[in-house]
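Enquirer: structure here, sequence nowhere to be found:
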């Protein structure tokens with residue numbers, strides 16, 4: 001049975017009883033007033049209760065569990081160099097590498113004035129540096145489930161002294177098929193522990209997980225389930241599928257957007273869109289599951305520095321992305337799962353800022369739009385967008401502008417031919433035209449032997465000229481197996 005918590009009014013960080021070193025770090029981060037999820041969760045976690053927390057992205061959820069974890073572990077903190085004095089006491093599990101890296105950065109920032117050590121481990125990178133850091137000892141470990149089990153198997157991670165467990169974005173972990181890994185990890189932990197579960201929604205699967213591994217948790221909800229941020233302006237554009245790429249370019253240019261996340265439903269679609277946006281003059285990069293962790297982190301860092309205008313991402317790769325003051329997100333494809341729409345637009349309008357969520361809806365995506373409106377319990381404004389297609393799109397319009405990248409060779413040949421080299425009208429009709437390279441007249445000439453191949457007449461010997469005597473050649477004559485003539 002879970003209890004609900006009433007929302008405190010006008011809470012401050014000083015009222016939580018946090019240590020001076022932690023309050024100093026909070027002030028250095030520029031935070032003065034806790035968010036609703038922080039105001040409700042921090043006192044409950046400090047009291048040692050299990051928690052089921054429901055909060056949308058961008059609400060300060062990470063601080064709601066990392067601050068009380070630091071506070072509760074401070075009495076056991078020490079400056080000893082011995083790894084045995086720094087066992088893993090708090091474990092934070094996240095579904096993606098990006099979210100793990102983001103949580104680790106926040107934990108490090110909040111605890112930088114304390115002796116507590118923290119580390120992050122995730123897949124896609126070399127294990128050796130992670131193993132070396134774990135061997136030195138850490139009190140707070142942030143990890144993705146798969147890589148954590150790798151370290152457990154290598155005996156570089158010991159979970160026997162874990163006192164606090166956090167399942168961050170548990171709904172996404174279940175969606176990604178991590179339930180078997182979670183069960184293996186939970187069975188390795190001490191039974192006497194505090195467990196905190198945070199999820200965007202309380203689905204039946206999440207409730208079942210909580211009933212199995214949480215003890216009398218307190219339920220904390222700061223917003224209506226599946227609600228969207230009121231600071232985000234949501235607009236849907238009715239756009240044909242073949243015009244979507246041009247629509248993205250037009251929205252970026254007309255709105256003056258220099259930093260935007262563009263969501264696609266597939267990894268192939270994300271890579272193709274990023275390449276085509278580059279051809280249209282937009283600095284773009286794609287992140288998805290087929291990219292290495294190094295490539296994803298490099299693209300994300302460049303995006304945060306403002307070097308990339310459009311970060312094209314899939315839903316899984318975008319989980320945990322925390323971009324300060326992101327002005328807008330664009331849904332190139334409407335998600336198949338309506339709940340992913342809520343997660344996507346939660347990347348903008350964070351921490352009280354405003355943002356725009358711009359969605360491109362083709363005629364075959366009407367059902368997905370209806371599912372989204374049903375989930376968020378409100379209709380979305382649908383507008384028309386006059387597409388000013390680039391020249392490349394007009395040229396390839398017959399075959400679909402979305403295949404512009406695949407027709408680059410045809411475009412280059414057409415441009416090379418120029419106006420003077422155009423075919424006469426009616427020369428080749430039909431949808432499939434065969435384009436041939438210009439033919440050099442040299443290859444149409446009949447074979448003519450070169451001068452060096454002809455033997456001049458004067459070089460031939462005259463019939464009346466006498467030839468000199470033949471050169472005598474010595475030869476040894478004999479045979480095999482013939483009897484030798486006896487001497488006289």
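Expert: Right, received. Where do you want to start? Because the structure is a prediction, the values reported are computed rather than measured.
Enquirer: which strands and helices sit next to the strand or helix carrying residue 248?
Expert: Using DSSP states H and E, residue 248 maps to helix 244-255. Identification of packing neighbours for helix 244-255 by 3 or more Cβ pairs under 8 Å, 6 or more residues apart in numbering; DSSP states H and E yields helix 267-279, strand 328-331, strand 355-361. All C-beta spots, glycine's among them, are computed from the backbone N, C-alpha and C.
Enquirer: if we use 7 Å, what do you get?
Expert: With contacts taken as 3 or more Cβ pairs under 7 Å, 6 or more residues apart in numbering; DSSP states H and E, helix 244-255 sits against helix 267-279, strand 355-361.
Enquirer: mean pLDDT and distance to residue 93 added to those, as JSON lines?
Expert: Below are the helices and strands packed on helix 244-255 laid out as JSON lines (pLDDT from 0 to 100; distance: least, Cβ to Cβ, whole Å):
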{"stretch": "helix 267-279", "mean pLDDT": "94", "distance to residue 93": "24"}
{"stretch": "strand 355-361", "mean pLDDT": "94", "distance to residue 93": "29"}
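Enquirer: residue 202 and residue 219, how far apart?
Expert: Distance from residue 202 to residue 219, counting by Cβ to Cβ, to the nearest Å: 8 Å.
Enquirer: of these two, who's got more company?
Expert: residue 202 (18 against 14; other Cβ atoms under 10 Å).
Enquirer: how about the more buried one, nearest residue that isn't a chain neighbour?
Expert: Sequence neighbours aside, residue 54 is the residue nearest to residue 202 in space, at 5.8 Å (criterion: Cβ to Cβ, 6 or more residues apart in numbering).
Enquirer: can you pull the pLDDT of the one you found?
Expert: pLDDT for residue 54: 85.
Enquirer: was I right to think it contacts residue 206?
Expert: No: with contact defined as Cβ atoms under 7 Å, residue 54 does not reach residue 206; the gap is 9.1 Å.
Enquirer: list residues touching both of these two?
Expert: residue 199 (Cβ atoms under 7 Å, 6 or more residues apart in numbering).
Enquirer: give the buried residues for stretch 234-242.
Expert: 234, 236-237, 239, 241-242 (16 or more other Cβ atoms under 10 Å).
Enquirer: farthest-separated two in the residues you listed?
Expert: Using Cβ to Cβ, the buried residues of stretch 234-242 span at most 24.0 Å, a distance reached by 234 and 242.
Enquirer: what does the helix or strand hosting residue 208 contact?
Expert: Following DSSP H and E, one finds residue 208 within helix 204-213. For helix 204-213, contacts defined as Cβ under 7 Å, 6+ apart pick out 52, 170-171, 174, 186, 195, 197, 199, 217.
Enquirer: again with stretch 42-55
Expert: Contacts of stretch 42-55 (Cβ under 7 Å, 6+ apart): 2, 5, 16, 34, 37, 41, 61, 64-65, 67-68, 71-72, 194-199, 201-202, 210, 214-223, 225.
Enquirer: restricted to strands, list the buried residues of stretch 234-242.
Expert: Counting by DSSP state E, the part of the buried residues of stretch 234-242 found in strands is 234, 236-237.
Enquirer: now render these as TSV, adding distance to residue 248 and pLDDT.
Expert: Listed next are these as TSV, based on distance: Cβ to Cβ, whole Å; pLDDT from 0 to 100:
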residue	distance to residue 248	pLDDT
234	17	94
236	14	96
237	10	96
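Enquirer: can you give the domain ranges for the protein?
Expert: Listed domain ranges for the chain are 3-221, 232-392 (source: automatic domain parsing).
Enquirer: export the ones you listed as JSON lines, with columns for distance to residue 472.
Expert: As requested, the domains of the chain are exported to JSON lines (distance: least, Cβ to Cβ, whole Å):
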{"stretch": "domain 3-221", "distance to residue 472": "80"}
{"stretch": "domain 232-392", "distance to residue 472": "79"}
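Enquirer: with distance to residue 369 and mean neighbour count as extra columns, can I get the helices and strands packed on helix 244-255 in a markdown table?
Expert: Below are these laid out as a markdown table (distance: least, Cβ to Cβ, whole Å; neighbours: other Cβ atoms under 10 Å):
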| stretch | distance to residue 369 | mean neighbour count |
| --- | --- | --- |
| helix 267-279 | 18 | 20 |
| strand 355-361 | 5 | 23 |
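Enquirer: for residue 255, find the nearest of the ones you listed.
Expert: Closest among these, once you apply Cβ to Cβ, is strand 355-361, at 7.7 Å.
Enquirer: I'd say residue 162 and residue 87 touch.
Expert: No: here residue 162 does not reach residue 87: they are 8.6 Å apart, not a contact under Cβ under 7 Å.
Enquirer: for the stretch 251-400 of the chain, which spans come out with low pLDDT?
Expert: Confidence mapping of the stretch 251-400 of the chain against pLDDT under 70 gives the ranges 317-320, 322, 351-352, 389-400.
Enquirer: now with 90?
Expert: When residues are selected by pLDDT under 90, those of the stretch 251-400 of the chain lie in 288-301, 304-306, 314-326, 337-340, 342-355, 375-378, 381, 385-400.
Enquirer: coming back round to it: after the helix holding residue 248, next one along is what?
Expert: strand 260-263.
Enquirer: what is the burial count for the residue found closest to residue 136 once you drop the neighbours it is linked to in the chain?
Expert: Using Cβ to Cβ, 6+ apart and skipping the chain neighbours, the partner closest in space to residue 136 is residue 83 (5.6 Å). When neighbours are defined as other Cβ under 10 Å, residue 83 has 13 of them.
Enquirer: list the contacts of residue 83.
Expert: Here residue 83 is in contact with 135-137 (Cβ under 7 Å, 6+ apart).
Enquirer: could you measure from it over to residue 158?
Expert: In terms of Cβ to Cβ, residue 83 sits 10 Å off from residue 158.
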